[in-house]
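[1] the following comprises the amino acid sequence and a computationally predicted model.
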Amino acid sequence: MSQKPDDLVRAVEATLFAAEMPMTAEAISTHLGGADVKAALRELAAHYAGRGIAVVERAGRWHFQTSADLAHLLRREREETRRLSRAATETLAIIAYHEPVSRAEIESIRGVQTAKGTLDVLLEAGWVRVAGRREVPGRPVIYATTPEFLAHFGLSSRKDLPGIDELKAAGLLDPVDDALDAALARKDDAAAEEKETRLADENWSDGLASEDESA
């Protein structure tokens, strides 16, 4: 496909405007006959910067969105907010920061069993996906976040996830922080107990060996 740069930018703009879902650069390129659209996307993003709508990239997918500083003008008087339970919030956070993880690994960090319904809610929301199976005995299912999760929270990639200190400062880590601290404490206690048991077994074995030699 041979087009003048201006025509290509217009074609990319029209494609994004008509798209029902965010599109990757590769998908846009395929739609436009294999054209190299990366420069056109950058030009569009620069063109719409500071305007009422913006062209943004989220998790490798491009789309139009309302400028963040104007969002309050478009909110309906009654909003239906999706609220997650504490268990779902903790599970989502653990998956986001440790993916890919199995259900058993999630439960190990949380310190409690995770109901199947909790993962179902996150799967139905489109924020979590099945990422395959762990190559260990039993081959448990492992979970990871989705591009929709990144887009919903305005993240370009998982590298943009806030750090632990930022979450604590914002007061957003309490439930998960408690679970993580408790899990780490139990892990440390278990490790210490295992070490003590191993040393005791070794000492007992050494004692038996000494008795056998003296006999």
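    Happy to help now that I have it.

[2] show me where the protein has its strands.
    Taking DSSP state E as the criterion, the chain contains strands spanning 23-24, 53-58, 61-66, 101-102, 128-133, 141-145.

[3] reformat the ones you listed as TSV; add mean neighbour count and distance to residue 42.
    Backbone N, C-alpha and C define where each C-beta goes, glycine included. Listed next are those as TSV, based on neighbours: other C-beta atoms under 10 Å; distance: least, C-beta to C-beta, whole Å:
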stretch	mean neighbour count	distance to residue 42
strand 23-24	18	15
strand 53-58	18	9
strand 61-66	17	10
strand 101-102	20	35
strand 128-133	16	29
strand 141-145	20	26
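
[4] nearest to residue 154, out of these?
    Within the strands of the chain, the stretch nearest residue 154 is strand 53-58; the backing value is 7.3 Å (C-beta to C-beta).

[5] ok, the closest one: who's next to it in the sheet?
    In its sheet, strand 53-58 lies beside strand 61-66 (antiparallel), with partners assigned from DSSP bridges.

[6] you'd agree residue 90 is up against residue 110?
    Yes: using C-beta atoms under 8 Å, residue 90 is in contact with residue 110, at 5.7 Å.

[7] quick check on residue 139: phi, psi?
    For residue 139, the backbone dihedrals (degrees, to the nearest 10) come out as phi 40, psi 60.

[8] beta partners of the closest residue to it other than its chain neighbours?
    Excluding the flanking residues, the one nearest residue 139 by C-beta to C-beta, 6 or more residues apart in numbering is residue 133, at 4.2 Å. Applying DSSP bridges to residue 133 yields these beta-bridge partners: residue 141.

[9] quick one: residue 133 and residue 100, what's the gap?
    Applying C-beta to C-beta, to the nearest Å, one obtains 10 Å for the distance of residue 133 from residue 100.

[10] again, but for residue 113
    The gap separating residue 113 from residue 100 is 20 Å, by C-beta to C-beta.

[11] check contacts around residue 17.
    Residue 17 makes contact with residue 64, according to C-beta atoms under 8 Å, 6 or more residues apart in numbering.

[12] pLDDT wise, what is it at?
    Turning to residue 17, the model gives it a pLDDT of 88.

[13] what's the answer for residue 208, then?
    pLDDT recorded at residue 208 is 51.

[14] now do the one 5 residues further on
    In the predicted model, residue 213 carries a pLDDT score of 50.

[15] next one: residue 150
    pLDDT, read off for residue 150, is 85.
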